[in-house]
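J.: Return a 3D structure for these sequence lines:
(one chain, ligands or ions: 1)
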Amino acid sequence: MATAAIMQQKNMPVHYSAADYDRYTTAAVSTYDDGIIRRLLQEYRLMGRGQRCLLDIGTGTARLLLKIAEHPELQAVELVGTDFFDDMVEQARQTIQEASLSERITIEQSDVHDMPQPDESADLIISRSTIHHWADPPRAFREIFRLLKRGGVAIIHEPRRDPAPESLAEFNRLRAEQGIEPARMDEKFTADEVRQFVVEAGLTRNALVLTPMKGPGALGMEVRISKAGWLRRSLVKLVGKIGLSPLKNPWNR
Ligand SMILES: C[S@@+](CC[C@H](N)C(=O)[O-])C[C@H]1O[C@@H](n2cnc3c(N)ncnc32)[C@H](O)[C@@H]1O
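T.: The predicted model follows:
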């Protein structure tokens with residue numbers, strides 16, 4: 001059993017309508033979108049670019065996928081967004097249709113705990129602000145690992161219960177501008193609780209939980225899950241230990 005203070009027994013929807021969520025993410029989270037896209041580009045370049053399949057799990061209204069679709073360097077990447085809740089799936093499909101991107105982005109309805117895709121079907125998986133919505137995070141991590149191809153990487157960015165105060169203040173300022181209530185931090189996890197989920201998932205050799213200390217990324221943590229071979233895994237861990245990220249920190253811009 002996980003040690004986290006708050007464990008959802010079932011999947012949790014967002015606290016407002018899909019339409020409000022769409023308006024808010026369109027207007028207020030571009031800094032965070034940019035950070036994730038820079039991280040994605042780092043991993044994409046490391047794996048040698050080319051034709052790849054990317055899954056955005058818990059895509060919400062797919063605004064982040066829209067930006068990824070427009071990025072010139074990511075044109076060879078097949079994009080699939082998934083969400084569990086009907087209203088999000090409906091809104092995401094509408095958003096994509098309005099942007100004339102239905103050919104480029106597919107939206108599917110599925111639960112992260114029980115995904116329909118076969119083993120090893122995604123090169124890249126992203127998921128943002130979703131872990132605290134999941135009924136069973138360790139099971140979800142195992143499912144994400146199952147879906148990764150050999151050499152594949154998942155980047156899960158999640159707000160943390162104890163963020164850098166200035167990052168939280170800035171985030172809430174952006175929300176307030178859109179008439180959205182301050183973020184509820186009590187329902188989020190700490191990095192140590194998420195590390196415990198990684199242990200429970202049996203993924204200690206394949207996952208790292210990183211906590212940026214400044215910039216917009218300091219609002220949360222990154223869970224990086226990889227299905228890399230032994231050599232690359234050891235290299236990432238070693239470089240992480242001596243404090244020199246091989247990946248220039250994209251959050252500090
Ligand atoms: C805070 S929103 C984040 C949406 C999007 N990733 C973004 O950054 O804008 C969390 C999303 O997770 C979805 N969700 C919750 N439980 C899920 C599950 N078990 N499987 C897939 N998606 C889920 C919700 O419907 C919601 O769209």
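J.: so L54, which of the three states?
T.: strand (DSSP: H, G, I helix; E, B strand; the rest coil).
J.: Hmm, T106 and it touching each other?
T.: No. Judged on Cβ atoms under 8 Å, L54 makes no contact with T106 at a distance of 10.9 Å. Glycine gets a C-beta too; all of them are placed from N, C-alpha and C.
J.: what sits in contact with each of these two?
T.: 79-80 (Cβ atoms under 8 Å, 6 or more residues apart in numbering).
J.: ok, the closest residue to E177 other than its chain neighbours to the ligand distance?
T.: Spatial nearest neighbour of E177, chain neighbours left out: A28 (6.6 Å); criterion: Cβ to Cβ, 6 or more residues apart in numbering. To the ligand, A28 is 10 Å away according to Cβ to the nearest ligand atom, to the nearest Å.
J.: So L54 and T106 - more neighbours on which side?
T.: Neighbour count, other Cβ atoms under 10 Å: between L54 and T106, L54 has more, with 21 against 15.
J.: Quick check: pLDDT value at the nearest residue to that one once chain neighbours are set aside.
T.: Leaving aside its sequence neighbours, L54 sits nearest to L124 (Cβ to Cβ, 6+ apart; 4.3 Å). What the model reports as pLDDT for L124 is 98.
J.: ditto for the one 5 residues further on
T.: S129 is assigned a pLDDT of 96 by the prediction.
J.: which stretches of the stretch 101-250 of the chain have low pLDDT?
T.: Applying pLDDT under 70 to the stretch 101-250 of the chain flags the ranges 230-250.
J.: List, one by one, the residues from it near the ligand.
T.: 111-113, 128-130, 133-134 (Cβ under 6 Å from any ligand atom).
J.: rerun that using 8 Å as the cut-off
T.: 110-113, 127-130, 133-135, 140 (Cβ under 8 Å from any ligand atom).
J.: Which ones among those residues map onto strands?
T.: 127-128 (DSSP state E).
J.: For N206, give its distance to F145.
T.: 6 Å (Cβ to Cβ, to the nearest Å).
J.: repeat for A207
T.: When Cβ to Cβ is applied, the distance between A207 and F145 equals 8 Å.
J.: Now do the shared contacts for those two.
T.: Common neighbours of A207 and F145, counting by Cβ under 8 Å, 6+ apart, are 201, 225.
J.: Okay, and E166 sits in which element?
T.: Using DSSP states H and E, E166 sits in helix 165-177.
J.: Flag every buried residue along that helix.
T.: 167-168, 170-171, 174-175 (16 or more other Cβ atoms under 10 Å).
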